[in-house]
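Peer 1: predicted model follows, preceded by the sequence.
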Amino acid sequence: MADEYILRMSNITKTFPGVVALNDVHLDVRPGTVHALVGENGAGKSTLMKVLIGMYQKDSGTVVFDGQEVDLHETAEGLDLGISMIHQELAPVPEMTVAENIYLGREPLNGLRLVDKALMRRMAQELFDEWSIPLDPAVQMKKLTVASMQLVEIAKAISYDAKAIIMDEPTSAITDREVDLLFTMIRRLRDRGTAIIYISHKMDEIFKISDEITVFRDGQWVLTEPASSLDIPALITAMVGRELTHMFPKEEAEIGDVLLEVRNLNRGPLVKDVSFTLRKGEILGLAGLVGAGRTEVLETIFGVHRAESGQILVDGERVDVHEPRDAIAAGMALLTEDRRATGIMGVLSVRDNMFAAALPRYSPGGMVDRKRIDRAAEEQRTALAIKTPSLDQLIKNLSGGNQQKVLVSRWLLTMPDILMIDEPTRGIDVGAKSEIHRIISTLAKEGKAVLMVSSEMPEILGMSDRILVMHEGEVTGEVSRAEATQDKIMQLATGTDAAA
Ligand SMILES: Nc1ncnc2c1ncn2[C@@H]1O[C@H](COP(=O)(O)OP(=O)(O)OP(=O)(O)O)[C@@H](O)[C@H]1O
Ligand SMILES: [Mg+2]
């Protein structure tokens, strides 16, 4: 009986100042199974996993792993026991190579007791070959896309030969193709007897990959069931505590004049002769595989990178964008995909993070209007259901999804005319997701123009009036809302569209 589970966490309670993150919860995981852990943003999923690996200390409760009661105080102890974790917030060492990142802290040494770089590279290559990971171990980490970094993290977790692997939103940054690769890897691991704890907000994935599902709500355990006895509506109801009907509440908006025009934009291999228009009231989806250049297009328009050639027109007038400040002055806003690197200022409060871009609007004559700021901040907190004990809380203490919501509010507060959003609902739970979709839809209805990159097919199909598809830096096609299907987009995204 004792061996039925590889992991038994019982009566776990964990509090932070002002927050009961976990209230007497339990989680029992069988070996050779995929166990999904789901719940809204701030439900306590990541906290429980951090308690498990020894990153956080629990207030009370017991953890039994592989038949032994354990009380871990350092993550290294967790790894020794056979528990590895892919974190929600990736923390690679950007200057190091892929191989160096994977073997960080356990580098193979040569006869002179120096790091054997050649061997390390070979080990990484073997690992990649075994698991069909299409990456070069010798490349610098900072050269990779977020998606590839996520693959490196996955490879690293596997390389420990762990008995249990925790995957905290492993697919937040990857598209369908890499998800397939990951799922093949997960199934192989499972068949070898590894237990996988799988945290995700993507309902379809959860049902595709998991054997059992545990739901948390507000720091409390709600249910544990075989996946086969649940379906998506039942799971959502368990998570949210109510029924959720409108998944993509896109409203009809009047499409007006062209607001943004991009002509023959070029920058390196990922932005090749890109041209398009974006009208008032329109939501233009930008689809494509990871690495197709979607993010680079947004960043080039916004002045994060300088264009090599091409023109940007706003309201028919040319604007010279040399840096983001120029784009902001022209009425643009950009919600970036890599929130850790380019978005969140960890040591500042939730309020200060919200107002990082809109402060000038709230400082008439240079005087900061504290009252108005507090009011607007409270409004955002309510509208997006941001879970935080106070607006003074440091943003780094918020759950991953709630950090993302703060960034969304940062750009909403600038009241941009042109809103460019890169994976706007990455890591955001189903309830808040439809809330963000509703806000985007309302903005369009008010006459704003929205350019949205998303790797989630239902989001692209559900929200866009028109979809541009990119492949290897080029726009390979355009489809209207009416004619858009997943197949059509995938054909264009993989460059296999016969008709084109
Ligand atoms: N270091 C910390 N200091 C203070 N509060 C924290 C800390 N870590 C987590 N919390 C709080 O504990 C609660 C649970 O957070 P947790 O990160 O476990 O949520 P989650 O279920 O992983 O959510 P998400 O889906 O957004 O990642 C949240 O209210 C969060 O703000
Ligand atoms: Mg989390």
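Peer 2: Received it, and whenever you're ready, just let me know what you need. Ligands and ions are numbered 1, 2, ... in the order given.

Peer 1: now the chain against ligand 2: closest residue?
Peer 2: Of the chain, the residue with the smallest distance to ligand 2, taken as CB to the ion, is residue 46 at 3.1 Å. C-beta coordinates here come from the backbone N, C-alpha and C atoms, glycine included.

Peer 1: thought that residue was touching residue 401?
Peer 2: No. With contact defined as CB atoms under 8 Å, residue 46 does not reach residue 401; the gap is 9.6 Å.

Peer 1: near ligand 2, which residues of the chain?
Peer 2: Where the chain comes near ligand 2, counting by CB under 5 Å from the ion, the residues are 46, 88, 399, 400.

Peer 1: flag the least confident of those.
Peer 2: Comparing pLDDT over these singles out residue 88 as the least confident position, at 71.

Peer 1: out of the residues of the chain next to ligand 2, which sit inside helices?
Peer 2: The members of the residues of the chain next to ligand 2 that map onto helices under DSSP state H are 46, 400.

Peer 1: among the residues of the chain next to ligand 2, which ones lie close to ligand 1?
Peer 2: For ligand 1, the contacts drawn from the residues of the chain next to ligand 2 by CB under 6 Å from any ligand atom are 46, 88, 399, 400.

Peer 1: so who does the residue in the chain positioned nearest to ligand 1 touch?
Peer 2: Taking CB to the nearest ligand atom as the measure, the chain has residue 401 as its residue closest to ligand 1, at 2.8 Å. Under the criterion of CB atoms under 8 Å, 6 or more residues apart in numbering, the contact partners of residue 401 comprise 40, 41, 42, 201, 427, 428, 429, 432.

Peer 1: what about the nearest residue to residue 395 once chain neighbours are set aside, neighbour count?
Peer 2: Computed as CB to CB, 6 or more residues apart in numbering, the closest residue to residue 395 that is not its neighbour in sequence is residue 353, at 4.8 Å. With neighbours defined by other CB atoms under 10 Å, the count for residue 353 comes to 24.

Peer 1: quick check: residue 353 touching residue 408?
Peer 2: No. The pair residue 353 and residue 408 fails to qualify as a contact (CB under 8 Å) at a distance of 11.2 Å.

Peer 1: ok so, going back, can I get the ones next to ligand 1 among the residues of the chain next to ligand 2 in CSV including neighbour count?
Peer 2: Putting these into CSV (neighbours: other CB atoms under 10 Å) gives the following:
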residue, neighbour count
46, 24
88, 20
399, 24
400, 23
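
Peer 1: what's the farthest-apart pair in those?
Peer 2: With distance counted by CB to CB, no two of those lie farther apart than 88 and 399, which are 8.7 Å apart.

Peer 1: common neighbours of the two, please.
Peer 2: Shared contacts of residue 88 and residue 399, defined by CB under 8 Å, 6+ apart, comprise residue 46.

Peer 1: could you pull out the strands for the stretch 251-400 of the chain?
Peer 2: In the stretch 251-400 of the chain, the strands defined using DSSP state E, counting those that start in this stretch lie at 258-267, 271-279, 283-288, 309-314, 317-318, 332-335.

Peer 1: and those strands as JSON lines, adding distance to residue 190, mean pLDDT and mean neighbour count?
Peer 2: Supplementary listing: the strands of the stretch 251-400 of the chain in JSON lines, determined by distance: least, CB to CB, whole Å; pLDDT from 0 to 100; neighbours: other CB atoms under 10 Å:
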{"stretch": "strand 258-267", "distance to residue 190": "42", "mean pLDDT": "97", "mean neighbour count": "18"}
{"stretch": "strand 271-279", "distance to residue 190": "40", "mean pLDDT": "97", "mean neighbour count": "19"}
{"stretch": "strand 283-288", "distance to residue 190": "31", "mean pLDDT": "96", "mean neighbour count": "26"}
{"stretch": "strand 309-314", "distance to residue 190": "48", "mean pLDDT": "96", "mean neighbour count": "17"}
{"stretch": "strand 317-318", "distance to residue 190": "56", "mean pLDDT": "96", "mean neighbour count": "10"}
{"stretch": "strand 332-335", "distance to residue 190": "35", "mean pLDDT": "91", "mean neighbour count": "24"}
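
Peer 1: distance to ligand 1 added to those strands, as a markdown table?
Peer 2: As requested, these are exported to a markdown table (distance: least, CB to the nearest ligand atom, whole Å):
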| stretch | distance to ligand 1 |
| --- | --- |
| strand 258-267 | 32 |
| strand 271-279 | 31 |
| strand 283-288 | 24 |
| strand 309-314 | 35 |
| strand 317-318 | 41 |
| strand 332-335 | 17 |
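
Peer 1: out of those, which is closest to residue 157?
Peer 2: Between residue 157 and those, the tightest spacing by CB to CB is seen for strand 283-288, at 27.3 Å.

Peer 1: hmm, who's touching the closest one?
Peer 2: The contact list for strand 283-288 (CB under 8 Å, 6+ apart) reads 250, 253, 276, 278, 294, 297-298, 440-441, 444, 449-454, 457, 460, 463-471, 489, 492-493.

Peer 1: distance of the residue lying closest to residue 363 once chain neighbours are set aside from residue 410?
Peer 2: In space, not counting the residues next to it along the chain, residue 363 is nearest to residue 369; the distance is 6.6 Å by CB to CB, 6+ apart. Counting by CB to CB, to the nearest Å, the separation of residue 369 from residue 410 is 17 Å.

Peer 1: more neighbours, those two?
Peer 2: The residue with the greater number of neighbours, taking residue 369 and residue 410 and applying other CB under 10 Å, is residue 410; the counts read 20 against 14.

Peer 1: please, which helix or strand holds that one?
Peer 2: For residue 410, the host element (DSSP states H and E) is helix 400-412.

Peer 1: same thing with residue 8?
Peer 2: Residue 8 is part of strand 7-16, with elements assigned from DSSP H and E.

Peer 1: name the helices or strands packed onto the helix or strand following that strand?
Peer 2: Elements were assigned by DSSP H and E; along the chain past strand 7-16, the next helix or strand is strand 19-29. The contact analysis (3 or more CB pairs under 8 Å, 6 or more residues apart in numbering; DSSP states H and E) places strand 19-29 against strand 7-16, strand 34-38, helix 45-53, strand 195-199, strand 212-217, strand 220-226.

Peer 1: how about strand 19-29: buried residues?
Peer 2: By neighbour count on 16 or more other CB atoms under 10 Å, the buried set for strand 19-29 is 19, 21, 22, 23, 25, 27, 28, 29.

Peer 1: and if you look at stretch 69-77?
Peer 2: Of the residues in stretch 69-77, those buried by neighbour count under the rule 16+ other CB under 10 Å are 70, 72.

Peer 1: got the end-to-end distance for that stretch?
Peer 2: 13 Å (CA to CA, to the nearest Å).

Peer 1: and for stretch 55-62?
Peer 2: Criterion CA to CA; first-to-last residue distance in stretch 55-62 is 15 Å.

Peer 1: what mean pLDDT does that stretch get?
Peer 2: Across stretch 55-62, pLDDT averages out at 95.

Peer 1: change the start of the numbering to 284 and stick with it
Peer 2: Happy to do that; since the first residue is 284 now, the last one works out to stretch 338-345.

Peer 1: what are the buried residues along it?
Peer 2: For stretch 338-345, the neighbour count (16+ other CB under 10 Å) marks 338, 339, 341, 344 as buried.

Peer 1: in three-state terms, label the third one for me.
Peer 2: In this case it means residue 341. Per DSSP: H, G, I helix; E, B strand; the rest coil, the secondary structure class of residue 341 is coil.
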